[in-house]
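what follows is a predicted protein model with its sequence.
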Amino acid sequence: MKFGLLLPLCALLQPCALFQRSTRPEHAPPEEAARVQFPLDLPADTRTVLPGATVTAMQLALDDFLPLNVKPHKDATAEEVCLYQRESYDVIASPGPESTMFVRVTLRPGICEKHGPIMDMEATYAVDVAGRRILAVQR
Amino acid sequence: MPSLAARVLTFVSLSCAGCASGPQSPIENKDYGLRDGFVWVRGPWEAITPSAKEDDVIDQLCPAVMQLPRAQGREYGLEYCGAIYSLNDGLFYASQPSPLGPVLKAIPEKEKRCKPPFFVEDPRGEIQVRADFHSHPWAHSRMSAADRTEARQRYSIRIQFDTICRVMKLVPYIGEPRPGEVYERRGRNWALLGIIKPEHKAAGTITPVGESP
């Protein structure tokens, strides 16, 4: 390919690379970060330890169930806005065969349901942890 | 024939409209609605013959509900929720089923969740609700763990069925020290699948029968 053709092609491709979605979360500006005080160590009585495989499976399931970039739809009710929040759910994991992990994302009772219970606010996944993919969703 | 530019413009417009619009909510009507956010339903449902035996009413529910719009719609389906009640005349009745419930655009199986009725409207007498029922728009789909949790029980019995009319029954025994019971309808009998131990009622976890009590 002639150099003269390569240059415009590179110019076209560069912006595409810039617009790629980052998988890393947003970081606070330095002045806000400077105000954070880390403890000497994570307190033994309040810490939670989760195996990496479990967290990976949970993250894959959550990313499918409720992607972080999803915002409530227009005219969503207060109940629906609550249902869009990941904090409204519990995540339960149980190991399956080989590198499979079963993960259930389930609505915490009493958090969003101010006008009676809602049926079936959960999903149970079989996650292929090593393959980083959802194997199946239980209906 | 429209020009290429016109066709492209139409496609882009339709695409943008699709992105901007939210999910479609079921709409209230004369048979069901919302009162202060709670679902009410009208009864009786004419599709269901009243009976002195509640099982006779339960057995009629699934075939009737599956005739309703999108009841078998899978990803694009609707759940329907209703109630079984009595009027102190010795008969059990079924209410109209309602698809009312929250609608979310991202969570899998969107637009399928319903809310059990909080009120049943039947002007003929004093209503005692015995059970709630709801459908799943899938085949081979059992009652979810979330629906077995203690906090989500309001009535003595919960009935759930799927598109192949596999019917499940939960008897939660809320507030009682005895375990809850989970059954599946097989022919004219209820087969006990498992129990929910008192310490598991909060999460609705089933212990299959045959395992250590």
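On my side now, so go ahead.

every contact and neighbour count from this point should use C-alpha atoms.
Fine.

tell me which stretches of chain A form strands.
Applying DSSP state E to chain A gives strands spanning A:89-95, A:100-107, A:122-128, A:133-138.

as a markdown table, those strands with distance to residue B:119 and mean pLDDT would be great.
As requested, the strands of chain A are exported to a markdown table (distance: least, CA to CA, whole Å; pLDDT from 0 to 100):
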| stretch | distance to residue B:119 | mean pLDDT |
| --- | --- | --- |
| strand A:89-95 | 27 | 97 |
| strand A:100-107 | 23 | 97 |
| strand A:122-128 | 25 | 96 |
| strand A:133-138 | 31 | 95 |
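
compute the first-to-last residue distance for stretch B:141-155.
22 Å (CA to CA, to the nearest Å).

stretch A:24-34 too?
20 Å.

chain center to it, what's the gap?
19 Å (CA atoms, centre = their mean, to the nearest Å).

what residue lies at the spatial centre of the chain?
Unless you meant another one, I'm taking chain A. The centre of chain A sits closest to residue A:63, judged by CA atoms, centre = their mean, with a distance of 4.0 Å.

my question was about chain B
Geometric middle of chain B (CA atoms, centre = their mean) lands on residue B:134, at 1.7 Å.

that one: which element?
strand B:128-135 (DSSP states H and E).

what of residue B:169?
strand B:167-171.

note down every partner strand of that strand and its orientation.
strand B:157-161 (antiparallel), strand B:180-186 (antiparallel) (DSSP bridges).

out of the ones you listed, which one sits most buried?
Mean neighbours per residue, mean count of other CA atoms under 10 Å in any protein chain shown, is largest over the strands paired with strand B:167-171 for strand B:157-161, with a mean of 24.

so how far is that one off the chain centroid?
That offset, for strand B:157-161, works out to 8 Å (CA atoms, centre = their mean).

that one vs strand B:128-135, what angle?
Angle of strand B:157-161 versus strand B:128-135, following axes from the mean of the first three to the mean of the last three CA atoms, to 10 degrees, is 20 degrees.

residue B:173: neighbouring residues, count only.
19 (other CA atoms under 10 Å in any protein chain shown).

could you measure from residue B:77 over to residue B:27?
Counting by CA to CA, the gap from residue B:77 to residue B:27 is 15 Å.

show me which of these two is the more surrounded one.
residue B:77 (19 against 12).

which residue, other than its chain neighbours, is closest to the more buried one?
residue B:70 (4.6 Å; CA to CA, 6 or more residues apart in numbering or on different chains).

so who does the one you found touch?
Contact partners of residue B:70, counting by CA atoms under 8 Å, 6 or more residues apart in numbering or on different chains, are B:76, B:77, B:78, B:137.

from chain A, how far out is it?
16 Å (CA to the nearest CA, to the nearest Å).

could you dump the strands paired with strand B:167-171 to TSV with mean pLDDT?
Conversion of those to TSV gives the following (pLDDT from 0 to 100):
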stretch	mean pLDDT
strand B:157-161	98
strand B:180-186	98
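
residue A:81: which of those is closest?
Ranking the strands paired with strand B:167-171 by proximity to residue A:81 (CA to CA) places strand B:157-161 first, at 26.8 Å.

check what contacts the closest one and list those residues.
B:58, B:62, B:130-136, B:141-143, B:167-172.

residue B:143 contacts residue B:167, correct?
No: Residue B:143 is not in contact with residue B:167 according to CA atoms under 8 Å; the separation is 9.1 Å.
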